[in-house]
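Novice: Fold the following for me, if possible:
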Amino acid sequence: MGHPYQQPAGHPQAAPPEAQPLVKLYGPEFAADPHRIYAQLRHYGALAPVEIAPDVTAMLVTDYRAALDLLHDDTTWSKDSREWMTTVPADSPVMPMLGWRPNVFFNDGPAHDRYREAIVDSFKLVEPHELRARVHHAADSLIQRFGARGEADLIAEYARLLPLLMFNNLFGMPDSYSERLVAALAGMLEGNSPEEAAAANEAFTNYIMELVGSKKAERGADLTSWYLDHPNGLSDEEVVHQIILTMGAGNEPLANLVGNALSRMLSDDRYYHTLSGGALTAQDAINEVLWNDPPLTNYSAHYPVRDVFFHGTWVRKGQLVMVSYAACNSQYDNGSPTAAGSGGGSHLAWAAGPHACPVQRHALLIATTAIERLTAWLSDIELAVDASELRWRNGAFHRALASLPARFTPITPDQAGATPWHNRDSSPTSSTRSEPTSTERQPASAP
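Specialist: Numbers count the residues shown, from 1 in each chain. You can find the predicted model right below:
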């Protein structure tokens with residue numbers, strides 16, 4: 001097999017992307033069945049031309065080996081998007097995901113290492129048992145809101161909110177601020193007009209500035225304080241951008257991971273007919289999602305520093321190239337719902353190489369604990385609609401359900417035994433916790 005960057009003698013130069021028909025990675029057709037689109041894209045080879053938003057094109061890597069070659073090569077490929085940004089409209093809907101910022105996502109070399117060390121070192125100070133306790137507290141506070149109704153949209157009322165409650169807490173703000181964060185990010189995500197989106201962005205900016213200002217005045221045992229005090233000496237602006245990154249990059253994929261895993265558990269009899277009787281676990285569901293429906297499905301934006309012939313395709317200097325984790329994972333899928341698609345190797349849901357997710361073990365711990373907490377309190381929960389009626393949100397980057405309607409036997413604060421209303425340490429199995437719960441005995445997800 002030839003080197004991925006070596007053009008074989010006599011090999012014709014690949015046609016430029018403009019000359020090839022573009023497949024749209026947005027809209028209802030893609031959202032309904034992305035794997036059919038990925039199969040279509042593989043006819044182009046390891047890279048395929050796509051449109052990720054109106055008039056915004058990219059080359060998408062759909063080959064597992066090619067993805068690893070790209071993700072591990074930070075000499076040929078840069079993460080700096082500033083040159084590319086001059087080629088697309090400033091108000092493009094993809095700009096929030098791809099626009100350059102002074103953070104770990106969009107920098108190379110020493111700058112990237114400096115930011116990454118600050119994030120990794122700070123998260124190392126979050127003890128696993130404390131993280132579980134925080135998830136329990138956040139999960140219980142959300143379940144209290146809908147438990148007595150006997151029904152809920154597990155996306156809007158649980159999966160999408162829990163990470164925000166967690167981040168509000170981890171970054172050092174009291175619970176009373178969590179609703180401000182929820183409202184701001186919801187407005188940015190769901191903004192029905194440019195004015196609404198702008199107002200939400202302003203609200204989020206105000207939240208972040210107030211957060212940093214409070215921690216500059218008085219440090220605490222929280223991520224903001226640890227970012228500020230890290231020996232790499234981040235400026236206030238850099239601290240702000242690492243917080244925005246952590247909340248943005250952490251919230252949406254983590255919410256989608258919880259939602260997608262719950263969807264599998266509620267629609268697949270291998271997990272349960274009732275939640276207490278299933279053969280597979282929350283960790284099994286999460287693993288299936290990471291292989292088959294990764295919550296961040298197409299990303300790892302890179303730009304070659306020179307024209308390059310890569311796995312059979314010419315890519316121009318500065319051209320946007322993204323990796324499809326979902327397509328690469330399923331490249332050699334044998335049809336099994338639990339198949340490790342790409343030859344039994346590691347999935348790419350966390351990316352790979354120097355820009356792989358720096359806090360994946362924390363994310364796994366949060367997601368697993370959130371699902372186990374919900375299904376322990378609501379042991380007979382089930383889908384309120386047929387699985388075929390579930391709809392996916394449009395968009396090139398994320399794999400996310402629009403809603404997940406569920407029903408269950410109502411629980412109330414005055415019923416006998418432990419309930420989510422008792423206190424943050426109440427357990428679904430015991431009102432007095434002398435022993436750790438099953439989640440707390442799990443070593444696999446601990447950071």
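Novice: State the distance from A203 to G259.
Specialist: With distances defined as C-beta to C-beta, to the nearest Å, the gap from A203 to G259 amounts to 24 Å. For glycine as for every other residue, the C-beta is placed from the backbone atoms N, C-alpha and C.
Novice: Neighbour count: those two, which is higher?
Specialist: The neighbour comparison of A203 against G259 (other C-beta atoms under 10 Å) goes to G259, with 26 against 17.
Novice: Give the phi and psi angles for that one, as a check.
Specialist: G259 has phi and psi values of phi -60, psi -40 when expressed as degrees, to the nearest 10.
Novice: ok, now which ones touch it?
Specialist: With contacts taken as C-beta atoms under 8 Å, 6 or more residues apart in numbering, G259 has the following neighbours: 154-155, 159-160, 400-401, 404.
Novice: Just flag the most distant two among those.
Specialist: Between any two of those, the greatest separation by C-beta to C-beta is 12.6 Å, found for L154 and A400.
Novice: for the stretch 1-150 of the chain, what are the low-confidence residue spans?
Specialist: Regions of the stretch 1-150 of the chain meeting the criterion pLDDT under 70 cover residues 1-21.
Novice: ranges for the strands of it?
Specialist: In order along the chain, the stretch 1-150 of the chain carries the following strands (DSSP state E, counting those that start in this stretch): 23-24, 47-53, 56-61, 77-78.
Novice: Could you dump those into a markdown table and include distance to T224 and mean neighbour count?
Specialist: Rendered in a markdown table, the data for the strands of the stretch 1-150 of the chain read as follows (distance: least, C-beta to C-beta, whole Å; neighbours: other C-beta atoms under 10 Å):
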| stretch | distance to T224 | mean neighbour count |
| --- | --- | --- |
| strand 23-24 | 39 | 16 |
| strand 47-53 | 33 | 23 |
| strand 56-61 | 34 | 23 |
| strand 77-78 | 29 | 22 |
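Novice: mind putting those strands in JSON lines, distance to A387 included?
Specialist: JSON lines is the format used below for the strands of the stretch 1-150 of the chain (distance: least, C-beta to C-beta, whole Å):
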{"stretch": "strand 23-24", "distance to A387": "26"}
{"stretch": "strand 47-53", "distance to A387": "28"}
{"stretch": "strand 56-61", "distance to A387": "28"}
{"stretch": "strand 77-78", "distance to A387": "39"}
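Novice: who wins for proximity to E210 among these?
Specialist: Counting by C-beta to C-beta, E210 lies closest to strand 47-53 out of these; the figure is 32.1 Å.
Novice: Direction included, what does the closest one pair against?
Specialist: Strand 47-53 has the following strand partners under DSSP bridges: strand 23-24 (parallel), strand 56-61 (antiparallel).
Novice: how about TSV for these, with distance to L165 added?
Specialist: What follows is these, written out as TSV (distance: least, C-beta to C-beta, whole Å):
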stretch	distance to L165
strand 23-24	35
strand 56-61	33
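Novice: Could you point out which of those sits nearest R36?
Specialist: strand 23-24 (10.6 Å).
Novice: starting at the chain centroid, how far to the closest one?
Specialist: 22 Å (C-alpha atoms, centre = their mean, to the nearest Å).
Novice: Residues contacting that strand, please?
Specialist: For strand 23-24, using C-beta under 8 Å, 6+ apart, the contacting residues are 30, 37, 40-41, 48-51.
Novice: Taking those, tell me the two that lie furthest apart.
Specialist: Pairwise across these, and taking C-beta to C-beta, the largest span is found between F30 and P49, at 14.7 Å.
Novice: Before I go, just wanted to say thanks for your time.
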